[in-house]
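Asker: Sequence plus the predicted model coming up.
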Amino acid sequence: MATKAENGAQEESKTQTPSFYDDEENLKKLCDFLRSNEGPAVREALLMEKRVYYLKGEKLVNFLVEPKKGTKWPKKLPRFENRQDAIAVCKDLCKLQFLLRCEKRGKGELGMTRVRDFDESGYFTWIYEGNKTMSHLMTAGLVVGFLFCVCFPIWPTFLRVFVWYLSVSLLLFIFFLITFRALL
């Protein structure tokens, strides 16, 4: 049997141990999940002439506490036990500016507010965009591919002939495919 002093020390140590979501990196992992297709439903609107995704605070809290049916919650992220924990994490998301509170002005139009605190009745815009490495790599590939095609006149002759044969072969394949599909 533990004494009152030991019980008090255990409860105090529980409150002093930081939560999983106190770390900013873990909040980023949560935001990556929430911004994915598995996350809560979001809507599009204009905020200061920029297209943004927004959702209501109540829907975010409800999703964190009890995700929609069929949602695969990541194994690395602990689930929320009650609404108070979910609201506390949402307040942290607002404090770290992953979410921005706004007001709805009309259909598809949002406006800025002076109030920055999390409230379930408010509307919130996603500011967090996640890791952009893949987007940057695809943009670089597009630029390199464009330059490669523009430099066609300075290609060696054997490459130009190869591309010509390849394009004619592809054109014939598409023609026969369309003809075959039209006959069926």
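Answerer: Sure thing, it's come through.

Asker: What does the residue positioned nearest the centre of the chain show for phi and psi?
Answerer: With distances taken as C-alpha atoms, centre = their mean, the residue of the chain nearest its centroid is Arg35 (2.8 Å). With angles defined as degrees, to the nearest 10, Arg35 sits at phi -80, psi -10.

Asker: Could I get the contacting residues of the residue lying closest to it once chain neighbours are set aside?
Answerer: Spatial nearest neighbour of Arg35, chain neighbours left out: Gly130 (6.0 Å); criterion: C-beta to C-beta, 6 or more residues apart in numbering. Backbone N, C-alpha and C define where each C-beta goes, glycine included. With contacts taken as C-beta atoms under 8 Å, 6 or more residues apart in numbering, Gly130 has the following neighbours: 28, 31-32, 35.

Asker: What pLDDT is listed against the residue nearest to the centre of the chain?
Answerer: At Arg35, the predicted lDDT confidence score is 88.

Asker: hang on, isn't it packed against Leu99?
Answerer: No: assessed by C-beta atoms under 8 Å, Arg35 is found out of contact with Leu99, at 10.9 Å.

Asker: what touches both of those two?
Answerer: Overlap of the contact sets of Arg35 and Leu99 (by C-beta under 8 Å, 6+ apart) consists of 126, 128.

Asker: got any ranges where this structure has weak pLDDT?
Answerer: 1-18 (pLDDT under 70).

Asker: Got the phi and psi for Arg101?
Answerer: phi -80, psi 140.

Asker: Run through the helices of this structure in chain order.
Answerer: With helices called from DSSP state H, the chain shows them at 4-16, 24-35, 57-65, 83-95, 133-150, 157-183.

Asker: Take those helices and lay them out in a markdown table including distance to Lys107.
Answerer: As requested, those are exported to a markdown table (distance: least, C-beta to C-beta, whole Å):
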| stretch | distance to Lys107 |
| --- | --- |
| helix 4-16 | 45 |
| helix 24-35 | 23 |
| helix 57-65 | 18 |
| helix 83-95 | 25 |
| helix 133-150 | 30 |
| helix 157-183 | 43 |
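
Asker: Out of those helices, which is closest to Arg51?
Answerer: With respect to Arg51, and counting by C-beta to C-beta, the nearest of the helices of the chain is helix 24-35 at 14.9 Å.

Asker: So which bits of that closest one are buried?
Answerer: Within helix 24-35, the residues that qualify as buried are 26-27, 30-31, 33-35, counting by 16 or more other C-beta atoms under 10 Å.
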